[in-house]
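**Student:** Structure of the sequence below:
(one chain, ligands or ions: 3)
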Amino acid sequence: MLTVYNCIVSEHDLRLVVLAAVVCGLASITAIHLLHQVRRSDASRRLMWLSIAAVATGFGIWSTHFIGMLAFSPSLPAGYDVPLTILSLVFAVAMTGIGFSIALLPRFAGAMWLGGTVVGAGIGCMHYTGMAALNVAGTIAWDPMFVVASILLGAVFAAIALPAAFGEAAARRRLAGAVLLTLAICIHHFTAMAAVAITPDSTVEPSALAVPSHWLAIGVAVGCLAILLLAGVALILDLRERRRMALEMERMRDLTDAAVEGLVLCDGETVVSVNRSFTRLLNAHPEDICGRALSSWVPDAALRQALSDTMGKAVETDLGDDQGTRVPVELIAHQITYNGRPHNVVAFRDLRDRRTAEAQIRYLAHHDPLTGLDNRASFDERLDREIRLHQRAGQKLALLCLDLDGFKDVNDIYGHAAGDQLLRDIAVAFSAIITKDCVLARLGGDEFAVIAPQVADPAQVEALAEKLLMCMRTIGHRSSAPTGSISVSIGIALYPSDSRDRTGLLSNADTALYRAKQEGKGIYRFFEPEMGVQIRERRGIEHDLRNAIDNGELSLVYQPQAQVASGTVLGFEALLRWNHPTRGSVQPSVFIPIAEQSGMILTIGEWVMRQACREAAGWLRPLTIAVNVSPLQLGSEGFVALVQGILSETGLQPERLEIEITESALIRDPNRALLALRDLKAIGINIAMDDFGTGYSSLSNLQAFPFDKIKIDRSFIQAVHTKPQAAAIVRAVLGLGRGLGLPVIAEGVETSEELRFLGLEGCAEAQGYLFGRPVPITELTSLIFGNVAASQSC
Ligand code: C2E
Ligand code: CA
Ligand code: CA
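**Tutor:** Ligands and ions are numbered 1, 2, ... in the order given. Below is the predicted model:
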């Protein structure tokens with residue numbers, strides 16, 4: 001080291017040394033710039049730029065050497081051998097060209113290092129060929145150690161210089177590369193010069209062909225000029241290229257920022273650039289992302305491999321980072337040429353919205369949106385699965401179908417919001433009752449269902465059904481919504497005894513439910529095989545009844561109501577008849593309950609009211625007409641207006657119309673019933689309490705509601721001579737009527753003994769076969785147009 005230092009300080013002209021270093025630095029910067037330019041250029045211009053780079057760098061190395069030689073001033077006359085000098089320049093240019101070509105070989109890991117080493121070797125070749133061209137009057141001795149050191153140092157520094165000139169932080173890397181290349185040339189040169197020892201020898205004549213030093217100076221000057229020229233050209237080109245690229249980058253960035261997808265430009269695994277959507281996806285700044293490996297966010301190596309193997313094909317994964325961000329994304333990669341080299345562009349499509357929507361759809365597909373319980377589709381799946389499991393395990397399960405009674409009233413009276421709230425509260429209450437292994441679902445409307453697995457004993461199911469019934473009895477305490485007189489009916493079918501498949505189980509549980517409804521509601525029933533036949537029959541009737549009015553199958557018959565004392569007919573009760581083409585005459589006791597349960601009674605009842613009023617309006621004598629009105633009609637919206645409309649439409653005086661209602665019409669919704677009855681009464685219509693004694697027989701009902709008449713049920717009249725209790729009840733009702741000032745009419749009077757009893761007990765009116773059976777009005781013309789007495793008195 002010291003020797004090299006001494007060599008520089010004592011044997012060189014320091015000004016020229018500095019000049020050599022400057023020229024060398026300039027040449028190195030040019031070399032690195034041009035090398036970048038070669039890499040950037042496309043195939044057609046690559047050779048041209050490679051040649052320029054090789055010539056500029058070769059000249060630079062050569063010029064440095066010869067300025068260094070000029071600075072080296074052995075006090076001996078010296079000259080340079082021309083061919084060797086030219087050869088040294090050729091070496092410098094050629095080996096640099098070869099080195100650069102190797103360095104830029106694509107897909108070769110050590111290319112840069114090897115290329116740099118070749119350039120370093122070129123510096124050595126050039127130097128020693130140049131030294132061989134030196135002609136002095138003396139002998140030259142070489143220190144082999146310095147010779148080897150000079151070659152190695154030159155090669156090592158050049159080998160580091162090229163890889164150092166590429167990569168991130170481009171400007172700094174370029175400078176580092178240029179500095180290292182300068183060092184490679186200078187250190188090599190001065191170490192090599194330290195190896196030289198010249199001993200003056202007058203016997204040695206310098207070659208006549210040798211060019212004197214001043215000629216060399218001109219050569220060096222030309223070399224320097226060439227370097228400066230080439231450096232200038234390279235610089236201008238570089239600047240223009242940068243400006244063009246910056247513009248292009250800006251345009252590209254604007255374009256990519258406008259994209260909805262996150263876009264990531266990767267050089268191999270390293271992220272080079274990202275768009276705004278991607279930074280938003282990670283909630284990070286571009287500076288924190290660029291320069292890092294793609295694996296930081298896509299850790300799955302196999303997936304990354306698949307992504308680059310199947311370009312253009314989408315793969316899905318979770319995008320994650322060390323802060324715990326997890327974003328479901330769809331990735332798709334494309335290869336592009338960027339900066340003259342292949343890069344990957346990876347597009348990230350945010351799947352969060354899609355996943356949320358999918359989850360929502362999945363949830364909605366399996367759940368009832370109102371209560372959050374399983375819906376019918378999900379319930380069917382669960383039931384199928386449970387059946388399979390129980391079949392394998394040889395166990396029993398129970399299916400309970402639940403239907404609310406009186407839910408429609410809550411909806412009608414208090415509105416749908418109250419109905420919805422009640423359903424939600426019921427769902428919560430039921431969920432609290434059933435055990436974890438049971439499945440509760442809302443099948444639609446006011447229908448629920450429960451699967452009770454592993455039933456060892458039907459008593460278990462009974463206990464569950466009781467709990468559910470009890471829960472509904474106390475729902476008023478748990479629900480914030482008005483509950484009216486709501487209850488639940490339950491039908492139960494067992495696997496495998498009742499059916500071995502889902503459809504069969506559901507249908508049988510439904511049949512049992514139908515029976516529970518029929519038998520009084522608010523109860524549960526287990527399926528029994530004979531239920532099926534009855535229910536099919538019932539459904540058939542219901543179906544046919546829908547068309548009965550249109551088909552003209554309905555008609556009215558009229559039964560006289562007469563004074564007990566005189567037998568004078570005061571009016572008629574209109575009774576409905578259904579004459580079915582194949583079933584024949586269907587009893588009202590069969591079809592009226594079906595019409596009530598299906599709601600058809602509203603249309604049928606309106607038809608009856610209109611028929612009866614029209615008929616009565618046409619009678620010569622102003623007899624009364626009693627029409628039966630079902631509880632559903634009385635509670636229906638606009639019932640009073642409907643009756644009023646029919647009265648004005650038919651011209652019947654309101655006083656001639658009597659409405660017969662049973663106590664059950666008062667129980668469902670007393671307030672509503674009271675309002676309707678008051679309005680009817682205000683119009684002038686009479687109101688009779690039908691079937692008194694069979695229902696609640698409540699005195700308070702008689703007082704609270706505006707009745708004009710009490711009808712004692714026929715079951716008491718028919719038993720007055722056989723059952724003393726019946727006679728006692730009849731007496732009591734008659735006493736009650738007297739007390740309240742209400743006339744009493746006895747139904748079902750068939751014999752003159754019954755009539756005599758009633759007369760003795762002070763009953764004013766009677767109705768029954770004794771006065772006449774219910775018959776078509778055509779058979780009653782004498783009564784409505786002339787005679788005053790019914791058949792008994794005739
Ligand atoms: P209800 O209102 O108690 O009608 C009286 C029933 O007793 C009628 O039966 C009638 O035929 C029967 N009856 C009358 N006198 C005697 C008698 O001396 N002996 C016997 N054994 N029976 C007698 P029907 O016509 O079969 O009606 C049965 C029920 O159907 C009625 O009972 C009523 O609740 C209902 N109904 C009939 N027509 C209508 C209607 O238009 N609307 C509504 N809502 N219900 C109706
Ligand atoms: Ca009646
Ligand atoms: Ca009756």
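**Student:** mean confidence for the helix or strand hosting Ile332?
**Tutor:** Secondary structure assigned from DSSP states H and E places Ile332 in strand 326-338. For strand 326-338, the mean pLDDT works out to 87.
**Student:** Tell me the helices and strands packed up against that strand.
**Tutor:** strand 262-267, helix 276-282, helix 301-309, strand 315-320, strand 341-350, helix 352-366 (3 or more CB pairs under 8 Å, 6 or more residues apart in numbering; DSSP states H and E). Bear in mind the C-beta positions are built from the backbone N, C-alpha and C, glycine included.
**Student:** One more pass at 7 Å, please.
**Tutor:** helix 301-309, strand 315-320, strand 341-350, helix 352-366 (3 or more CB pairs under 7 Å, 6 or more residues apart in numbering; DSSP states H and E).
**Student:** Check the ones you listed for me and report the most buried one.
**Tutor:** When these are scored by mean count of other CB atoms under 10 Å, the highest mean neighbour count falls to strand 341-350 (a mean of 19).
**Student:** List the strands paired with that one, with their directions.
**Tutor:** Neighbouring strands of strand 341-350 in its sheet, by DSSP bridges, are strand 262-267 (antiparallel), strand 326-338 (antiparallel).
**Student:** out of the ones you listed, which comes closest to ligand 3?
**Tutor:** Among these, strand 326-338 comes nearest to ligand 3, with 70.7 Å by CB to the ion.
**Student:** contact partners of the closest one?
**Tutor:** With contacts defined as CB atoms under 7 Å, 6 or more residues apart in numbering, strand 326-338 is touched by 265, 281, 307-308, 311-320, 342-352, 355.
**Student:** now do stretch 734-742
**Tutor:** In this structure, residues lying in contact with stretch 734-742 by CB under 7 Å, 6+ apart are Leu699, Leu702, Phe707, Asp708, Lys709, Ile710, Pro743, Val744, Glu761, Gly762, Cys763.
**Student:** Quick check, the residue in the stretch 401-550 of the chain closest to ligand 3?
**Tutor:** For the stretch 401-550 of the chain, CB to the ion, closest residue to ligand 3: Gly520, 19.9 Å.
**Student:** Would you mind writing the CA trace of stretch 150-170 as PDB?
**Tutor:** Extracted as PDB, the C-alpha positions of stretch 150-170 are listed here (Å, rounded to 0.1, in the frame of the first residue of the first chain):
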ATOM      1  CA  SER A 150      -3.200  -5.100  -9.600                       C
ATOM      2  CA  ILE A 151      -5.000  -7.700 -11.700                       C
ATOM      3  CA  LEU A 152      -7.000  -9.100  -8.800                       C
ATOM      4  CA  LEU A 153      -8.000  -5.700  -7.400                       C
ATOM      5  CA  GLY A 154      -9.100  -4.400 -10.800                       C
ATOM      6  CA  ALA A 155     -11.200  -7.500 -11.300                       C
ATOM      7  CA  VAL A 156     -12.700  -7.600  -7.900                       C
ATOM      8  CA  PHE A 157     -13.700  -3.800  -7.900                       C
ATOM      9  CA  ALA A 158     -15.100  -4.100 -11.400                       C
ATOM     10  CA  ALA A 159     -17.000  -7.300 -10.400                       C
ATOM     11  CA  ILE A 160     -18.700  -5.400  -7.500                       C
ATOM     12  CA  ALA A 161     -19.200  -2.300  -9.600                       C
ATOM     13  CA  LEU A 162     -21.700  -3.700 -12.100                       C
ATOM     14  CA  PRO A 163     -24.200  -5.400  -9.700                       C
ATOM     15  CA  ALA A 164     -23.900  -2.300  -7.400                       C
ATOM     16  CA  ALA A 165     -25.100  -0.100 -10.200                       C
ATOM     17  CA  PHE A 166     -28.500  -1.700 -10.500                       C
ATOM     18  CA  GLY A 167     -31.500  -2.100  -8.200                       C
ATOM     19  CA  GLU A 168     -33.600   0.200  -6.000                       C
ATOM     20  CA  ALA A 169     -32.800   3.800  -5.300                       C
ATOM     21  CA  ALA A 170     -31.500   4.000  -8.900                       C
END
